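*Asks:* Based on what follows, work out the 3D shape:
(2 chains)
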Amino acid sequence: MVRTRLAASPTGYPHIGTIYQALFNYAFAKKHKGRFILRIEDTDRNRFVEGSEEVIFDSLKWFGLTADEGPLSGGEYNPYRQSERLEIYHKYAAELLEKGYAFYSYFPKKDAGQKKIYTSEKNQKSTDLTDQDRPASLKEMIERGDWVVRLKVPKNEKITFKDEIRGEITFDTSEVTEQVLIKSDGFPTYHLAVVVDDQLMKISHIVRAEEWLSSTPKHVLLYRYFNWEMPPIYHTATLRNPDKSKLSKRHGHTSVLWFKEQGFLPVAILNFLALLGWSHPEEKEIFSLDEFIKLFDLKDIRPVAPIFDLVKLRWMNQQYIQNSTDEELEKLILDFNPNAAKLPEETLRNLIPLLKSRMETLSDFEPLTEMFFDKFEVVEFDDTEKSIIPELVTGFRTVKEWSHENIFKVIKEIMLHQKVRMPVFYKLMTGRTRGLPLPEALEIYSKEKSLKRLEKINKL
RNA sequence: GGCCCCAUCGUCUAGCGGCCUAGGACGUCGGGCUUUCAUCCCGAAAAUCACGGGUUCGAUUCCCGUUGGGGUCACCA
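*Replies:* Residues are numbered from 1 along each chain as shown, chains lettered A, B, ... in the order given. So this is what the prediction gives:
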């Protein structure tokens, strides 16, 4: 049975890269009628952000990538929150300790520095500082507060493992640090927790981001020490900023929240993400999640780190908006923009077809419909523009049936003999020079309001 | 800096030894449609397949090196 997992840490709003991982894991599990597991990796109490767990659940739900097992739905391998599995890690740490695959290490908290800067040729390596006064048990270690459990690393050995996307990769053990496995507060580090949980939760395929590649030897060692078999492992390329650095807040938008607030559709984002490192066999650009699940295979993922191109995402989002039914788009707009509900139902409904091909994101609704909220940009009109107003007023007054065809007739007539173009009318009526098709918009806007508008600007 | 990974148009990519004088998509530019803006349709420019060696009858495709980019080297994940 295929069982994949998403390891998410509750440190804030989910990163779009987390969704990228979720997509591959989800799709592969679904393709093989397997299960997709969500595990909350909350072993760092310093970085924990209140409420972010809920936001992870909500985000996955928003994308339609809900987990079959996880803290929310539970499952056979409860609990799915690492902070609730401490005894389990202690048990396995004790086993390592006992077998001599791990050791207590004195390491005062003040020395647990931040990331070092490696500019010199000196290759820093953490070592056991002292052998004296080792704690007798994990319990005692935690009480003392200045000791940790570290991984024992063999000397002068090559560790080779197979990354299913890149092939065999070899590290020398001199490159592998004696990683802390249990912190002084008794919490495990990622390295211990992930190996233990993947094993216990019977994860069949590990799909994770490339930044884990360098620490995989540690995990290989743990699998060996426990005498477990490591599942096939896939390291997907990391998403990048336009400057090619790892996708980060500093250079781009990473938060799922941002994409939501911008009015991107989850289906469009997923479609876009799917095309990063993978391609449709028929080179199709637009396809559904179901189609992706059917065609996707982990072995087809490419190792190249792609740049996250917002421009293409916008295009894709536009395509999805355009392909929505009127009802769907109406609901999307209503959900996205509470103001939309202030419009008469009929007005909104009539507006939808006009909006469809003009919206890239849902946030485009507002600028496109300003006039319907009686918001006009303050503009000045020149003499030719002003001179048209009276003619337009009389023209509009004569229109019996207020339809866009008739409205256009009036406009066209003036256009012909005054030698003006459409943008002039556009500017007069809306204050802008571009937007929805004018006659259609005015038809929805109503004759009364149109005349009122003209009256008003005539006084300017 | 050590180690590891990666390398086809600006970007996402197809290509898995001959079909490639390299295909598609976004973007860009030009044109058509037209009632502004879009949508839609057509067309163009855009990659000496990073560079240099091999292997081969034949390399974008295989191997090695160089260069460039990225990741990693925390009691963070």
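
*Asks:* need the contact list for the closest residue to A:E229 other than its chain neighbours.
*Replies:* By the measure of CB to CB, 6 or more residues apart in numbering, the closest residue to A:E229 outside its immediate chain neighbours is A:Y223, 6.9 Å from it. To be clear about C-beta, it is placed using only N, CA and C from the backbone, and glycine gets the same treatment. The neighbours of A:Y223, taking CB atoms under 8 Å, 6 or more residues apart in numbering as the test, are A:V195, A:Q199, A:E229, A:M230.

*Asks:* Highest neighbour count among the residues you listed?
*Replies:* Using other CB atoms under 10 Å as the neighbour test, the contacts of A:Y223 are led by A:V195, with 25 neighbours.

*Asks:* Can you name the helix or strand that it falls in?
*Replies:* Per DSSP states H and E, A:V195 falls inside helix A:190-200.

*Asks:* my guess is A:L151 meets A:V220, correct?
*Replies:* No - A:L151 lies out of contact with A:V220 (CB atoms under 8 Å); the separation is 11.2 Å.

*Asks:* which of those two has more neighbours?
*Replies:* Using other CB under 10 Å as the criterion, A:L151 and A:V220 rank with A:L151 on top: 22 against 18.

*Asks:* okay, now the spatially closest residue to A:E261 that is not a sequence neighbour: neighbour count?
*Replies:* Once flanking residues are discounted, A:E261 sits nearest to A:S363: 7.8 Å by CB to CB, 6+ apart. A:S363 has 14 neighbouring residues, counting by other CB under 10 Å.

*Asks:* what's A:S363 in contact with, if anything?
*Replies:* Contacts of A:S363 by CB under 8 Å, 6+ apart are A:E261, A:Q262, A:G263, A:F336, A:N337.

*Asks:* could I get those residues as CSV with secondary structure, pLDDT and distance to A:K110?
*Replies:* Output for these, formatted as CSV (DSSP: H, G, I helix; E, B strand; the rest coil; pLDDT from 0 to 100; distance: CB to CB, whole Å):
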residue, secondary structure, pLDDT, distance to A:K110
A:E261, helix, 96, 41
A:Q262, helix, 96, 43
A:G263, coil, 97, 47
A:F336, helix, 97, 49
A:N337, coil, 96, 51
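
*Asks:* all helices in the stretch 251-400 of chain A, in order from the N-terminus.
*Replies:* Using DSSP state H, counting those that start in this stretch, the helices assigned to the stretch 251-400 of chain A run over residues A:256-262, A:266-274, A:289-295, A:310-323, A:326-336, A:345-356, A:365-369, A:383-398.

*Asks:* List just the nearest of the contacts of A:Y223 to A:R3.
*Replies:* A:Q199 (11.5 Å; CB to CB).

*Asks:* Might one say that that closest one is in contact with A:N227?
*Replies:* No - proximity of A:Q199 to A:N227 does not meet the contact threshold set by CB under 8 Å, at 10.5 Å.

*Asks:* Check the contacts of A:S363 and tell me the two furthest apart.
*Replies:* Largest pairwise distance in the contacts of A:S363, by CB to CB, is 12.3 Å, between A:Q262 and A:N337.

*Asks:* about what we covered before: in a helix, that's where the residue nearest to A:E229 is, yeah?
*Replies:* Yes - A:Y223: assigned to a helix according to DSSP: H, G, I helix; E, B strand; the rest coil.

*Asks:* Show me the shaky parts of chain A.
*Replies:* A:113-115, A:119-132, A:378, A:460 (pLDDT under 70).

*Asks:* let's see it at 50
*Replies:* A:121-126, A:128 (pLDDT under 50).

*Asks:* show me where it has strands.
*Replies:* A:3-8, A:35-40, A:102-106, A:147-151, A:158-163, A:167-172, A:180-182, A:206-209, A:233-236 (DSSP state E).

*Asks:* And those strands: which comes nearest RNA strand B?
*Replies:* strand A:180-182 (3.3 Å; CB to the nearest atom of the strand).

*Asks:* Say whether RNA strand B is contacted by the closest one.
*Replies:* Yes - Strand A:180-182 is in contact with RNA strand B by CB under 7 Å from any atom of the strand, via A:V180.

*Asks:* Can you give me the separation between the residue nearest to A:E229 and RNA strand B?
*Replies:* 17 Å (CB to the nearest atom of the strand, to the nearest Å).

*Asks:* Likewise for A:P154?
*Replies:* 16 Å.

*Asks:* just A:K33 next, same as before
*Replies:* 24 Å.

*Asks:* OK, contacts around that residue?
*Replies:* Neighbours of A:K33 in contact, by CB under 8 Å, 6+ apart: A:V2.

*Asks:* Based on its surroundings, how many neighbours for the residue found closest to A:I159 once you drop the neighbours it is linked to in the chain?
*Replies:* Nearest residue to A:I159, sequence neighbours excluded (CB to CB, 6+ apart): A:P217, at 4.4 Å. Using other CB under 10 Å, A:P217 is surrounded by 24 other residues.

*Asks:* show me the contacts for A:P217.
*Replies:* By CB under 8 Å, 6+ apart, the neighbours of A:P217 are A:I159, A:F161, A:F171, A:T173, A:E175, A:V176.

*Asks:* and the gap between it and RNA strand B?
*Replies:* 9 Å.

*Asks:* try A:E140
*Replies:* A:E140 is 15 Å from RNA strand B, by CB to the nearest atom of the strand.

*Asks:* now that residue: how far from A:K152?
*Replies:* For A:E140, the distance to A:K152 (CB to CB, to the nearest Å) stands at 20 Å.

*Asks:* Adding distance to A:W315, write the strands of chain A out as a markdown table.
*Replies:* As requested, the strands of chain A are exported to a markdown table (distance: least, CB to CB, whole Å):
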| stretch | distance to A:W315 |
| --- | --- |
| strand A:3-8 | 28 |
| strand A:35-40 | 29 |
| strand A:102-106 | 52 |
| strand A:147-151 | 47 |
| strand A:158-163 | 33 |
| strand A:167-172 | 35 |
| strand A:180-182 | 46 |
| strand A:206-209 | 26 |
| strand A:233-236 | 24 |
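
*Asks:* Span of stretch A:429-444 from start to end?
*Replies:* End-to-end distance for stretch A:429-444, by CA to CA, to the nearest Å: 13 Å.

*Asks:* same deal with stretch A:293-309?
*Replies:* Using CA to CA, first and last residues of stretch A:293-309 are 23 Å apart.

*Asks:* List the contacts of that stretch.
*Replies:* Counting by CB under 8 Å, 6+ apart, A:16, A:24, A:27-28, A:30-31, A:164-166, A:205, A:207, A:210, A:234, A:236-242, A:244, A:247, A:252, A:274, A:276-278, A:280-281 sit against stretch A:293-309.

*Asks:* what comes up buried for that stretch?
*Replies:* A:I293, A:L295, A:F296, A:L298, A:I301, A:A305, A:P306, A:F308 (16 or more other CB atoms under 10 Å).

*Asks:* ok, and which of the residues you listed reach RNA strand B?
*Replies:* With the criterion set as CB under 7 Å from any atom of the strand, the members of the buried residues of stretch A:293-309 near RNA strand B are A:A305, A:P306.
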